[in-house]
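**Q** Let me see the structure of the following:
(chains A, B, C and D)
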There are 2 protein chains.
Amino acid sequence: MTAMCPKSKHRHCEAWQLLVRFSFEQRSTLPALAAELDLSPAQCHLLNLIEPDRPMPMGELAGALSCDASNVTGLVDRLESRGLVQRSPSPEDRRVKVLSLTPLGARIRAALLDRMTSAPPTLGKLSAADQRALARILRQLLD
Amino acid sequence: MTAMCPKSKHRHCEAWQLLVRFSFEQRSTLPALAAELDLSPAQCHLLNLIEPDRPMPMGELAGALSCDASNVTGLVDRLESRGLVQRSPSPEDRRVKVLSLTPLGARIRAALLDRMTSAPPTLGKLSAADQRALARILRQLLD
DNA sequence: TATTGTTATACTCTATAACTATA
DNA sequence: TATAGTTATAGAGTATAACAATA
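**A** You can find the predicted model right below:
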């Protein structure tokens, strides 16, 4: 049976609906998890995007966060004042500032991702084969 | 130091990491999608939790949102002033107020879920069998 | 006394518009 | 002129503490 809704002109599928439901549940769990590291959800999102040794221009960051550039300024101000990230002028274009993690920022980011991606007990409900299949399918989807 | 130490005392699995990555991507796409309906992400989260004809006490809502009760007050104030939700006193316990969708609120909620769960083009990369498998596995996981 | 929801307060998050310094 | 980032401003989201009404 397909999960189509006859009143909608859009196509739906159950898999996508479940993924959306998952993301709403994550929206509930992230704040408490982030608070353990004195981070807000928005700060987690930003830290997640800055990989160690991969500086990123502020503007690119705003694009990746899908928010206004002026918002990134304040977000970075607070992270920089805590010593988690660092602004550096770009050598190529002096208008651009690239953002990088400090060693402390890299540690906090690693701790965050460690907590976020640690498998919850509910995952044990899946067989090993299903866990592999889920990873394989999501890999395709998120490519 | 532990900065570059990949060791963790937590268990991880790739499937869960991919789900977390998906939820971060949702955090980027929701604001624009919500704005089409003049909603904020937080308002979307709240509306998602209130099913039509299923009134919910304010306190229960705070629990489901994993936020403080005082936060729900303001959130509901704004939705109520737009005529999307309605507070009613509970007949059993006069301290409690239950929240329900107005007819307009139910329509907005339906439009929101329709947009959020409409399958994106990327889903076409999956075979029909993989889409079914993904749905089956997620159903188990989110049960 | 304990609980539900609100108010007061102080932050952070976010967008818009105006500004600066580059290009 | 156009672009990258900031500042100023305003409103929304969020938590803490104190409070009112009810249990």
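**Q** From the contact counts, what lies against the strand or helix carrying residue A:71?
**A** Using DSSP states H and E, residue A:71 sits within helix A:69-81. Applying 3 or more Cβ pairs under 8 Å, 6 or more residues apart in numbering or on different chains; DSSP states H and E, we find helix A:69-81 packed against helix A:41-49, helix A:58-65, strand A:85-89. C-betas here are computed from N, CA, C, even on glycine.
**Q** hey, which of these is tucked in deepest?
**A** Highest mean neighbour count among the helices and strands packed on helix A:69-81 (mean count of other Cβ atoms under 10 Å in any protein chain shown): helix A:41-49, with a mean of 20.
**Q** Could I get the contacting residues of the nearest residue to residue A:40 once chain neighbours are set aside?
**A** If the residues on either side of it in the chain are set aside, residue A:40 comes closest to residue A:34, at 6.2 Å by Cβ to Cβ, 6 or more residues apart in numbering or on different chains. Neighbouring residues of residue A:34 by Cβ atoms under 8 Å, 6 or more residues apart in numbering or on different chains: A:40, A:41, A:43, A:44, A:112.
**Q** part of a strand, is residue A:34?
**A** No. Read with DSSP: H, G, I helix; E, B strand; the rest coil, residue A:34 is helix and lies in no strand.
**Q** follow-up on the earlier one: intersect the contacts of residue A:34 with the contacts of DNA strand C.
**A** A:40, A:43 (Cβ under 7 Å from any atom of the strand).
**Q** Return the member of the contacts of residue A:34 nearest to chain B.
**A** Proximity of these to chain B (Cβ to the nearest Cβ) peaks at residue A:41, which lies at 7.6 Å.
**Q** Return the distance of residue A:123 relative to residue B:140.
**A** The spacing between residue A:123 and residue B:140, counted by Cβ to Cβ, to the nearest Å, is 10 Å.
**Q** which one of the two has more residues nearby?
**A** The residue with more neighbours, out of residue A:123 and residue B:140, is residue A:123; 18 against 14, by other Cβ atoms under 10 Å in any protein chain shown.
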